[in-house]
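Asker: Next comes the sequence, and after it the predicted model I'd like to discuss.
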Amino acid sequence: MDELMHINDAVIILEVDRSTIYRWSKAGRLPIYKKAGKSWVKKEDVERIQKEIGELKPLHQIEDKK
């Protein structure tokens with residue numbers, strides 16, 4: 001069974017604003033599930049996005065190497 005986490009926990013783990021989570025959901029990047037009137041996301045989806053974010057490099061680091 002998929003493990004769910006509260007959206008507030010995803011905000012803390014991903015270090016993004018709550019509005020970013022909803023924007024990603026609207027874009028299909030991070031599905032949000034409603035349960036008992038609260039918003040939840042799958043832990044595996046949060047881990048996937050966390051990995052994607054970790055792989056990104058700040059633009060200034062890329063430009064410095066040129």
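Answerer: Everything's here; your move. Numbers count the residues shown, from 1 in each chain.

Asker: Not counting residues beside it along the chain, what's closest to Ser39?
Answerer: Leaving aside its sequence neighbours, Ser39 sits nearest to Ile7 (C-beta to C-beta, 6 or more residues apart in numbering; 4.2 Å). For every residue, glycine as well, the C-beta is placed using N, CA and C.

Asker: wait, the one you found sits on Trp40?
Answerer: Yes. Counting by C-beta atoms under 8 Å, Ile7 does reach Trp40; the two are 6.6 Å apart.

Asker: Name the residues contacting each of the two.
Answerer: Residues touching both Ile7 and Trp40 by C-beta atoms under 8 Å, 6 or more residues apart in numbering: Ile32.

Asker: and Asp2, how many neighbours does it have?
Answerer: Around Asp2 sit 10 other residues, with neighbours defined as other C-beta atoms under 10 Å.

Asker: Specify the local secondary structure of it.
Answerer: For Asp2, the assignment made with DSSP: H, G, I helix; E, B strand; the rest coil gives coil.
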